[in-house]
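1. whatever this is, show me its structure:
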Amino acid sequence: RLHHVHVTELVHSLNVASSLQTLILENCKLNDNEVEIIGNGLSSPENSAPITRLSFRSNRIGNRGAVSLEQFFLKTSTLQEVDLSKNQIGSRGAMATFHAFRDNPNAAVKMINFAHNEIWDPDDGSFFAKNGTLQLLNLEGNFIHDEGIEAIAKGLIANSRRTKLSELYLGWNGIGDEGCIQLARMLETNTSLLKIGLGENDITS
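-> Now for the predicted structure:
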């Protein structure tokens, strides 16, 4: 377990870590309080680390912890990979993440992994309607139903000329026939997607 004192020391080191590109804090039993400290450190003007990969996989992070990373996501111009899988993040935390990258004019994010969380509605579609950098999105193992998929599909339709999304993983959710139809309509105009994962949903034959 990464204790509070270790988290504080880590944040202080970001002020001088001018070459640090990868920050992996997986299986550290981090909770929202500790992630808030890290989030504040990452978004601080004193942070000199050009982080390109950030992983909080397999911790105890909920909505509050995810939201605390919002300010960093709003300002970073180097971050390319974000892994928040296997936590307890809900729709509010996911939407805060997507909207931060949506509103960041210098966002360079290419991969977001929210697999195995507690997300029902990841975005209202506005991120997907605007983003032109994301290449891989993993939303497997959540609680996303047709309404959430419809928002994603409509956003991608609106952004068909600019989106670079090539891999979209949606398995182990609650997607039914209507959600599948919305994705099929999106594919009629999309030229970037190469892989879609839909296993273990509620789609009938």
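2. helix or strand: which one has the residue nearest the centre of the chain?
-> Centroid-nearest residue in the chain, with CA atoms, centre = their mean: Ile112, separated by 4.0 Å. Taking DSSP states H and E as the definition, one finds Ile112 inside strand 111-113.
3. from the contact counts, what lies against that strand?
-> Secondary-structure packing of strand 111-113 (3 or more CB pairs under 8 Å, 6 or more residues apart in numbering; DSSP states H and E): strand 81-83, helix 91-103, strand 136-138. In short, each C-beta sits where N, CA and C put it, glycine included.
4. show me the contacts for the residue sitting furthest away from the middle of the chain.
-> Note on the chain: the largest C-alpha distance from the chain mean falls to Ser205, namely 30.8 Å (CA atoms, centre = their mean). Ser205 makes no contacts at all, as judged by CB atoms under 8 Å, 6 or more residues apart in numbering.
5. strands of this structure, residue ranges please.
-> Counting by DSSP state E, the chain has strands at residues 22-24, 53-55, 81-83, 111-113, 136-138, 167-169, 195-197.
6. pairing partners for the strand holding Ile112, with directions?
-> strand 81-83 (parallel), strand 136-138 (parallel) (DSSP bridges).
7. tabulate those (TSV), appending mean neighbour count and mean pLDDT.
-> What follows is the strands paired with strand 111-113, written out as TSV (neighbours: other CB atoms under 10 Å; pLDDT from 0 to 100):
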stretch	mean neighbour count	mean pLDDT
strand 81-83	20	98
strand 136-138	20	98
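8. for Val7, find the nearest of these.
-> Using CB to CB as the measure, strand 81-83 is the one of the strands paired with strand 111-113 that comes nearest Val7, at 18.1 Å.
9. check the offset of the closest one from the chain's centre.
-> Centroid separation for strand 81-83 versus its chain: 7 Å, with CA atoms, centre = their mean, to the nearest Å.
10. just the helices from the chain, written as ranges.
-> 4-13, 32-43, 63-67, 70-75, 91-103, 126-130, 146-158, 177-187 (DSSP state H).
11. tell me who's in contact with Glu178.
-> Neighbours of Glu178 in contact, by CB under 8 Å, 6+ apart: 146, 150.
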